[in-house]
Every structure is written in structure tokens, then in C-alpha cells.
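**Q** Sequence and predicted structure, then a few things I'm wondering about:
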Amino acid sequence: MGFELFVALSLFAFVSSITPGPNNLMLMASGANFGFRRTLPHMMGVGVGFVVMLFLVGIGLIGIFDAVQYSYVVLKWVSVIYLCWLAWRVANSAAPSKETGTGKPFSFFQAAMFQWVNPKAWSMSLTAITLYAPDRSLLAVFLVTLVFGLINLPCVSSWTLLGQKMQILLTNPKRLTAFNYTMAAMLIATLIPVVL
């Protein structure tokens, strides 16, 4: 991979990782509701889950989309339904109760598995492999995966930090509820390009 292609890949990885999407919006909501430390497993699950998905797409899963045209349509609608359900959960979540300890962020495993129904993660993976590892050689796929792994985690962490900083404003239950409804609406809004 030449230097110019590497720079283009790094820029693509940064822009696609830092811009709003289901992962980032959920991490911001989790940071606001649970804080940075309790959201660490969620962040790590996103980072590890995405690079595993990206690598598997690069070494063969992309072939399914090439061979079976309707597989993308099925994936799209499963993802839309799941994200609508998830938006409902975000809208109706509450801060953890200090007395009962209720409420908890995504676990590492839940966040890693979420990547498989995240339309933005699929779009990022398919685009990255198509543009930056077109020969689908193991080395090219590994380099794409490595670049995303190094760039993605700091990007998603920044959204969690932003959410945590918002905790100061969200001490009032009404403001927290409004925030959660806003995050749910934004999560639904990420589906508009997918559906259209």
C-alpha cells in the first residue's frame, strides 16, 4: 500500500469513525447515563467487534454480498428493525439508581455483537475493503483492519467522554429523559439513508 493510499485510508477511517452513527450515539448516551468507566466494556466491544467484523468481511464475507444480491436487503431490514427496538430502549432508559444499582450499559459482548446489525458498520466495512483492499489479499485486509483498529477506538471514546461531560447538565430527571429521547430520535435518523 502506497503512502497516498495509506493517508486516504486513514482519513476515511477517521471520518467514518468520528461521525455520528449508532455506535457513537449509543456511547454518548451511555457516557451520560453511566459515566466513562462503566462504559469501557461497551467501548472495547465496539472497537474489537468492528475490527473482527472488518477482517472477516475482507477475507471472505464480502463474497456473500457479491454472490447473493438479496443478502444486503435482508441485512438492511433486520438492522432497521433492531435499531428501532434499540432506539425505544434508549428513549425509555433511566440513569442507574443509586439505591438499587439498576441500569447498566452494554457489555463487551453485546457491543461486539451489535456490529453485525449496525448498518453503518457494514457500510464502513464493505467500503473500506472495496476501496483499500480490492485484491482482498490477507496483507491488504490486515492493514485496513489495523488502521481502523488504531483510529476507531479513540474516536468512539471521544463520544463517551462527551456524554460523561453532559452528566452535569443531566442531573435533572426531566433533562435526562429529554436527552435520552433526543438520542433515540438521532439513532432513528441514522436509518434514513439506509431505508432510502
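**A** Perfect, I can see it now. Remember, it's a predicted structure, so these values are computed and weren't measured experimentally.
**Q** Longest helix in the chain, please.
**A** Ranked by residue count, the top helix of the chain under DSSP state H comes out as helix 138-165.
**Q** where does Met28 sit relative to Met43, distance-wise?
**A** Taking C-beta to C-beta, to the nearest Å as the measure, Met28 falls 11 Å from Met43. Every C-beta, even on glycine, is put in place using the N, C-alpha and C of the backbone.
**Q** any weak-confidence spans in this structure?
**A** Low-confidence regions of the chain, defined by pLDDT under 70, span residues 94-102, 194.
**Q** which residue is nearest the middle of it?
**A** Nearest to the geometric centre of the chain sits Asn23, at 2.7 Å (C-alpha atoms, centre = their mean).
**Q** so where do the helices sit in the chain?
**A** According to DSSP H, the chain carries its helices in the segments 3-18, 22-34, 36-56, 62-67, 71-91, 108-114, 119-132, 138-165, 173-189, 192-195.
**Q** Comparing the ones you listed, which comes out most buried?
**A** Ranked by mean neighbour count under mean count of other C-beta atoms under 10 Å, those are led by helix 22-34, which reaches a mean of 26.
**Q** Run the chain-centre distance for it.
**A** 10 Å (C-alpha atoms, centre = their mean, to the nearest Å).
**Q** which ones are touching Lys120?
**A** 16, 21-23, 190 (C-beta atoms under 8 Å, 6 or more residues apart in numbering).
**Q** Closest to Ile59 out of these?
**A** The closest of those to Ile59 turns out to be Ser16 (C-beta to C-beta; 20.2 Å).
**Q** Look up how far Leu187 lies from the closest one.
**A** Distance of Ser16 to Leu187, given as C-beta to C-beta: 17 Å.
**Q** How about Arg175?
**A** From Arg175 across to Leu187, the span is 19 Å (C-beta to C-beta).
**Q** now Trp77
**A** Distance of Trp77 to Leu187, given as C-beta to C-beta: 17 Å.
**Q** Could you do Asn118 as well?
**A** Note on Asn118: its distance to Leu187, by C-beta to C-beta, is 11 Å.
**Q** overlap in contacts of the two?
**A** With C-beta under 8 Å, 6+ apart as the test, Asn118 and Leu187 both reach 22, 83.
**Q** circling back to that earlier point, which secondary structure elements does the longest helix of the chain contact?
**A** In terms of contacts (3 or more C-beta pairs under 8 Å, 6 or more residues apart in numbering; DSSP states H and E), helix 138-165 is packed against helix 3-18, helix 22-34, helix 36-56, helix 119-132.
**Q** Nice, that's everything, thank you.
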